[in-house]
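>>> please find the sequence and the predicted model below.
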Amino acid sequence: MALRIDHTTTSGTFSLDGQTFDVDNNAWVVGDDRECVVIDAPHDVAAILALVGDREVLAVLCTHAHDDHVRKAPELADAVGAPVFLHPDDMVLWNLTHPDRPPDRELADRQVVGVGGSGLQVLHTPGHAPGAVCLHSVDLGVVFTGDTLFAGGPGATGRSYSDFDVIVRSIRDRLLTLPDSTVVHPGHGESTTIGAVRPQFDEWVRRGY
């Protein structure tokens, strides 16, 4: 069966450092007609379940643990009977939202999460958050970047547990090494390609974004 990507956008809030903002988040489902994985679980379980349909959910994969990406992860995982995966370096952020419910399993750099006869490779890309990861599918020619890379630049680094120099290294060493044709599906906003963002990278670094 053919591997495919399903997508929805949900609306809610993001809170950190005593401030709260309205945000729209992308949620992505990758799989075939029988099974899938969910990438991020932001604000609306019903909207994600509509994408899943009657498929088996193998995992809920968190690109990082800011509350707008994981707020519904335990609820979604319980609804579909799947484990929540998170990189352990993001536990400090996870515990701000879910102090009494740890993730079920850890994500590790270079790990491959299998789905639909294919796989998503985990790329640890700290900077926006210490445990931020991107998920790369060679077969689909896409990378799910969470809040590490957007069409307009790198993820924000002005809040707790973030670092601009670190995110620059992550993008340069882990994402710009991918083929230019690789489609970038971020956690917010429109998709782009590695080829489209590559020429902008030096300018982002020069101005400190």
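Cool, got the structure.

>>> can you mark which positions in the helix or strand containing A79 are buried?
Assigned by DSSP states H and E, A79 belongs to helix 73-80. Going by neighbour count (16 or more other C-beta atoms under 10 Å), the buried part of helix 73-80 is A73, P74, L76, A77, A79, V80. The way it works is simple: take the backbone N, C-alpha and C, and place the C-beta from them, glycine included.

>>> go on, stretch 34-43?
E35, C36, V37, V38, I39, D40, A41, P42, H43.

>>> measure that stretch end to end?
This stretch, stretch 34-43, spans 25 Å end to end (C-alpha to C-alpha, to the nearest Å).

>>> same question for the helix or strand that the helix holding A79 is followed by, mean pLDDT?
In the C-terminal direction, the helix or strand that comes right after helix 73-80 (DSSP H and E) is strand 84-86. Averaged across strand 84-86, the pLDDT comes to 99.

>>> cool, stretch 190-201 as well?
Averaging pLDDT residue by residue across stretch 190-201 gives 95.

>>> then it to PDB, C-alphas only?
Only the C-alpha atoms of stretch 190-201 are listed here, as PDB (Å, rounded to 0.1, in the frame of the first residue of the first chain):
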ATOM      1  CA  GLU A 190       3.400  26.700   5.200                       C
ATOM      2  CA  SER A 191       5.700  24.000   3.800                       C
ATOM      3  CA  THR A 192       8.800  24.700   1.900                       C
ATOM      4  CA  THR A 193      11.900  22.900   0.600                       C
ATOM      5  CA  ILE A 194      15.500  22.600   1.600                       C
ATOM      6  CA  GLY A 195      16.500  24.100  -1.700                       C
ATOM      7  CA  ALA A 196      14.300  27.100  -1.000                       C
ATOM      8  CA  VAL A 197      15.700  27.800   2.500                       C
ATOM      9  CA  ARG A 198      19.300  27.000   1.700                       C
ATOM     10  CA  PRO A 199      20.100  30.400   0.100                       C
ATOM     11  CA  GLN A 200      18.600  32.300   3.000                       C
ATOM     12  CA  PHE A 201      20.600  30.500   5.700                       C
END
